[in-house]
Structure formats: C-alpha cells, structure tokens
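Enquirer: Below are the sequence and a predicted model; questions follow.
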Amino acid sequence: MYKFILIICFFSGMSSFSQWEQDIQLTNYPLQSYTQNVAADSIFIHVVWAKSEGNFLEIFYKKTSDNGLTWSPDIRLAFIPGTCETPKITVSGNIVHVVWIDHRNGNKQIYYMRSIDSGDNWSDAVRLINTTYDSEDPQLKCTGTNIHLIWTDVRDGNAEIYYKKSSNSGINWGNDERLTNNSFNSIEPSLGINLSDIHIVWKDYRDGNAEIYYKSSQNSGQNWSSDIRLTSNSALSGLPEISVSGANIHIVWFDAREIYYKIFYKKSSDGGLSWGSDFLLSSNINQNAFTPDLIVSGNMCHVVWSDTRDNNYDIYYKQSSDIGSNWSADYRLTTDIDDSYSPNVIFSGTNLFVFWYDNRTGHFEIFYNKNPTGNPIGINNISSDIPYEFMLEQNFPNPFNPMTKIKFHIPEPGNVSMEIYDALGRNVSTLVNENLTPGIYEIEWNAVNQSSGIYFYKIVTSEFSEVKKMVLIK
C-alpha cells in the first residue's frame, strides 16, 4: 500500500514538472541584457532589466497580458550619461513602480519612476536618496497606496539598512529612516509585506561572520521590532529572500556551512514571533548554489536558484504544496551548455514563470520559462466589470467535500488577503495574499487534508473585511 502511495506521489510530481515549456528569449540586443526583476497583478506580468549601451547601462521595461504569448514593445525608462543598474519593480492595481541605482550624480543613488496606466506611459525620474554617499541594494514593495523601500546605505561610515515610505502611491516620500545600527556591515536586504505588516531580512557581519537577521513592523513602518538573528553558524550566509502569506513568513538564502554553498530555508508560522529550524533545500554535492528567489501563493511555495552541479550555472526549481513542510526533488529548468544566472520566480493565476539571464547567444539576454499548471492555487478573474462595492459571497457548494469555490468582488485596486480558519481560530490556509485589480474573482479551496467540521473564511483589504462560515463533511 505504501509503495503504491509513493508511486502516485512521484508521478504526480513529475506530471507537474513536465508541464514546463521551452525557454523563450525575451530580449534581443547586440549587447548585454541582465539583472532583471518581475512583478505581476491579475492581468499583467511586468519585467524590468538593465541593458548595456556602449559604456553605459540603461533600464528597460515590457509587459504581457496573455501569460507570455505576446509582449509589448520595449520601453526605455532610464538613459543618462552615467550607469543605471539593478532595477526593482512592484505593482498595485494600475500603478507600476520602479526603482534603480543611478550614477548620474557621481555616486550611487536610488531613482524612481511610476506609471499610472499599467506601464503604457511613465513619469519623469525622481531622485529618492540625496546624499554624497553610495546607496545600493534597493528593494521595493507596495500594498494599496503604500510603497515601501529599503536599501543599503554607507552614509554612517559602514553599510546600514535604511527605509522610506510613500503613503500616496509615490507622489510624495517620507524621510530616510535607519533600521540597523552597529559598527559592522548590514547588506543585501529583502522585503516582504502583508497588508500593514512589513518583514525584512538581510546579511549582517556583527557576529564576526555573515549571518541572516530579521526585523518587522506591524503598523506600516511607524515602529520596528528589535533585530533578530535567524542563522547561527561559523560559515558565510547571504543573499536572503523573503515571501509572506498571512502569518506565514518564508525565507531562503545561500549558506556555506557545508563547505560548498547550498540553499537553505526556514519559516515562521506566527508572523515572525518564532522560527522553525533551518532546512537544507538544494541537493547539490561538491558544487555551489547561489542567488535563490522565493514566492508563496497560498499553501504553495516556489523556490529557484542558480546551481553549478552540471559543470556550468543552471537554473533549478523546487516546490512545496503544504506551506513549506515537505518539498519536491530539485528540478533542473535550464539545460543549455552556457551559464544561466539570477532567476526570478513569479505566478499569474495557475501559471508559474521563471526569468533569468544567460549567454547562450554569445552575450547575456533575458530568458523565461512557463509552467501553465505550476501554481494550482490560482485565482480566476471571472469578470473584468468593476463592481459597485466590496462583497464576499457564500462558498458553493456548502456543505462540501473536499472542494468548494469562493467568489468575491473588488471595486478598487489593492492588496487582498483571504484566509481559512478552523473552529478554534487557527489559520489552516491562506488562499489569497496579493495585489488585485477591480473585478469579480473566484478561488477554489481543497480541504482534502482537513477534518470534518466548521470553518471560517475571512477577506481583508485596506477598506473592507468580512467573515463567512462553511461546513466540511467527509
């Protein structure tokens, strides 16, 4: 019986992985394109990247509304007598926000642009940081009209993590706020958001070697917790990435505790108050793994990284369908003989995308691959008509076993969270935690792993909150 179950699970996982399609080249220039970043809403996938132009780097943008079948023309966002690099992008409804590192003032500063029509037209560039010292590693996330920016700054004599915020979709920005305060370098920050909760991880040298640290704000950046050390070993830990879904906070990073760099994972199930053990994700032996990226969709966790186990850099992927408790085997996404670097993973409904840059054409270009069924907890936008008001409908069927569907109406863009609770008030699933455009949506919950009983589903936006009851009968 157990052998049969294992065989079913093996072929189920292989079936999911087999849905990956062929690599698609997104950019096509005679010079280099690299350091891409991606964001998605319920309609568009947005991509930004840096492209070399002679001795300079430029920032370019494009989007797709049909899951990669067609793409808009490239739009050049930044080109000045200086270098532009490491762009980051985030989206809330129709407003798209981009930041990057810019050398036009003689040192590295962070500049910002936005589009209020889903990327068709763009504002002028705005300088966000105004010092004579270098600013690097920008990370940008938004929820509704609140935009949160963190970065590394050396104005204090060593690298520290700084934060600033806009409360009106990028029109105005608050003051710079120093988040770390020690005599050693704090670098490589990553940012995760759930409504008004902000979570940050970074690499920190205060312990004599590089460790991963964490802090949070529960009131949209007004107050911050103390720094919490998440790793504790004598080897280098770096490049952490964080993704948040309700009370579940997930991080990945690369770690040299086993001589070679490997990808590690850990999770908090209570909003960052306590953390589980470090978990080794990658199975590379006597080879290195770098630059992990992570995204969470309900119970699904998706992780990608660049790995040298095949004698060159290739992109690897693995997933968890139970909030990080169990993980699939490593899956090799790229098989080209040339090197592939710095993957980004993003979902759009049930579609899962991985973007990276590689040099199979003789110079670096942006590539991507898609799995149409890679994110089974997809949200379906069943109507693009703009509703008059927020509404949470009764699930159907009810009672149910084990599948039920839930519809909800969103009249304005913003972050939407929907969570499932049992009769004791315990969070058993996060169905939605992302920015949505106006429309009527439907999502399906599979309660196959839950016991019979009463459950509650709760929707939360910046303007609306409602709870409804449903009954599972097995």
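Expert: Happy to help now that I have it.

Enquirer: all helices for this protein, in order.
Expert: Remark: helices assigned in the chain by DSSP state H are 2-17.

Enquirer: Show me how it divides into domains.
Expert: Partitioning the chain according to automatic domain parsing yields domains covering residues 22-371, 380-472.

Enquirer: what about the shortest one, how long is it end to end?
Expert: Read that as domain 380-472. The distance separating the two terminal residues of domain 380-472, taken as Cα to Cα, to the nearest Å, comes to 23 Å.

Enquirer: Please work out the average pLDDT along it.
Expert: Confidence for domain 380-472, expressed as mean pLDDT, is 89.

Enquirer: swap in the longest one?
Expert: Domain 22-371 carries an average pLDDT of 93.

Enquirer: surely residue 355 meets residue 40?
Expert: No - at 11.1 Å, residue 355 does not count as touching residue 40 under the criterion of Cβ atoms under 8 Å. Placement of C-beta: from N, CA and C, glycine included.

Enquirer: Could you tell me which residues touch both of the two?
Expert: Shared between the contact lists of residue 355 and residue 40 (criterion: Cβ atoms under 8 Å, 6 or more residues apart in numbering) are residues residue 346.

Enquirer: Check the offset of stretch 174-183 from the chain's centre.
Expert: Here stretch 174-183 shows a centroid-to-chain-centroid distance of 24 Å under the convention Cα atoms, centre = their mean, to the nearest Å.

Enquirer: What lies in contact with that stretch?
Expert: Judged by Cβ under 8 Å, 6+ apart, the contacts made with stretch 174-183 from elsewhere in the structure are 129, 150, 153, 156, 158, 160-167, 186, 200, 202, 204, 206, 213, 215, 221, 224, 227.

Enquirer: Could you turn the buried ones of these into a PyMOL selection?
Expert: Command for PyMOL, covering only those of those found buried under the criterion 16 or more other Cβ atoms under 10 Å:
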select buried, resi 129+150+153+160+161+162+163+164+165+166+186+200+202+204+206+213+215+221+224+227
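
Enquirer: beta partners for the residue lying closest to residue 226 once chain neighbours are set aside?
Expert: The shortest distance from residue 226 to any non-neighbouring residue, by Cβ to Cβ, 6 or more residues apart in numbering, is to residue 215 (6.8 Å). Beta-bridge pairing of residue 215 under DSSP bridges involves residue 200.

Enquirer: list the contacts for residue 215?
Expert: Contacts for residue 215 (Cβ under 8 Å, 6+ apart) come out as 179, 200, 224, 225, 226, 227, 228.

Enquirer: Strands of the stretch 201-350 of the chain, residue ranges please.
Expert: Per DSSP state E, counting those that start in this stretch, the stretch 201-350 of the chain has strands spanning 211-217, 228-229, 237-245, 248-258, 260-268, 279-280, 289-297, 300-307, 314-320, 331-332, 340-348. These are given in chain order.

Enquirer: Identify the neighbouring strands of the third one in the sheet and state each direction.
Expert: Partner strands and pairing direction for strand 237-245 (DSSP bridges) are strand 248-258 (antiparallel).

Enquirer: ok now do the residue nearest to residue 28 when sequence neighbours are not counted, which residues does it touch?
Expert: Beyond its immediate neighbours in the sequence, the residue positioned closest to residue 28 (Cβ to Cβ, 6+ apart) is residue 365, lying 6.6 Å away. With Cβ under 8 Å, 6+ apart as the criterion, the residues that contact residue 365 are 25, 26, 27, 28, 29, 33, 357, 358, 359.

Enquirer: ok, the closest residue in space to residue 372 that isn't next to it in sequence - contacts?
Expert: Spatial nearest neighbour of residue 372, excluding adjacent residues (Cβ to Cβ, 6+ apart): residue 351 at 5.4 Å. Residues counted as contacts of residue 351 (Cβ under 8 Å, 6+ apart) are 67, 68, 370, 371, 372, 374, 375, 378.

Enquirer: what bridges to residue 351?
Expert: When assigned by DSSP bridges, residue 351 has beta-bridge partners residue 348.

Enquirer: That one and residue 26: what is the separation?
Expert: Counting by Cβ to Cβ, to the nearest Å, the gap from residue 351 to residue 26 is 15 Å.

Enquirer: again, but for residue 383
Expert: From residue 383 across to residue 26, the span is 30 Å (Cβ to Cβ).

Enquirer: Neighbour count for those two, which is higher?
Expert: Shown here are residue 383 and residue 26; by other Cβ atoms under 10 Å, residue 26 has more neighbours (20 against 14).
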